[in-house]
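take this sequence and fold it.
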Amino acid sequence: MPVKVLIPTPLQKITEGKDTVEAQPGRVIDIINELDKKYPGFAERICQDGKIRRFINIYVNEEDIRFLDGEETLVKEGDELSIVPAIAGGKI
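All right, here's what the predicted structure looks like:
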């Protein structure tokens with residue numbers, strides 16, 4: 001059973017307009033690299049030097065991977081991985 005990956009709107013250009021894609025279970029970094037093979041340019045938007053960019057938040061079943069094992073967090077069959085770019089700006 002694959003992992004469901006939720007793709008934010010800014011990255012859907014890379015995933016051919018898909019808001020959800022599937023990947024094989026494994027470490028978060030392996031899933032990102034797998035998706036990069038299918039959708040070239042995907043990894044460079046998410047990672048830099050093998051690490052998740054600081055303005056990208058990734059959740060496995062609604063748990064922030066920063067509080068788990070970061071890029072090494074294991075994602076199991078049937079899990080959901082959400083990619084959420086940080087939003088900044090506005091007026092106070």
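
for Leu81, list the residues it contacts.
Going by Cβ atoms under 8 Å, 6 or more residues apart in numbering, Leu81 touches 3-6, 23, 28, 31, 58-60, 75. The way it works is simple: take the backbone N, C-alpha and C, and place the C-beta from them, glycine included.

could you list the low-pLDDT ranges of the protein?
Scanning the chain with the threshold set as pLDDT under 70 gives 88-92.

repeat the analysis, applying 50 as the threshold.
Scanning the chain for pLDDT under 50 picks out no residues.

just so I have it, where are all the strands in it?
For the chain, the strands defined by DSSP state E occupy 3-6, 20-23, 26-27, 47-48, 51-52, 56-60, 63-64, 74-75, 80-85.

gap between Asp19 and Thr9?
8 Å (Cβ to Cβ, to the nearest Å).

between the two, which is the more surrounded one?
It is Asp19, of Asp19 and Thr9, that has more neighbours when counted by other Cβ atoms under 10 Å, with 12 against 8.

check contacts around Glu7.
Heads up, residue 7 is Ile, not Glu. 15, 18-21, 83.

what's the closest of the strands of the chain to Leu35?
Leu35 sits nearest to strand 20-23 of all the strands of the chain, at 5.9 Å, using Cβ to Cβ.

which residues does the spatially most central residue of the chain form a beta bridge with?
The residue lying closest to the centre of the chain (Cα atoms, centre = their mean) is Ile83, at 4.1 Å. Taking DSSP bridges as the rule, Ile83 bridges to Ile58.

and if you look at Cys47?
Beta-bridge partners, per DSSP bridges, of Cys47: Ile52.

okay, the strands of the chain in CSV with distance to Lys38 next?
Shown next, in CSV, are the strands of the chain (distance: least, Cβ to Cβ, whole Å):
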stretch, distance to Lys38
strand 3-6, 11
strand 20-23, 8
strand 26-27, 14
strand 47-48, 16
strand 51-52, 19
strand 56-60, 18
strand 63-64, 25
strand 74-75, 16
strand 80-85, 15
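
I am finished for the moment; much appreciated.
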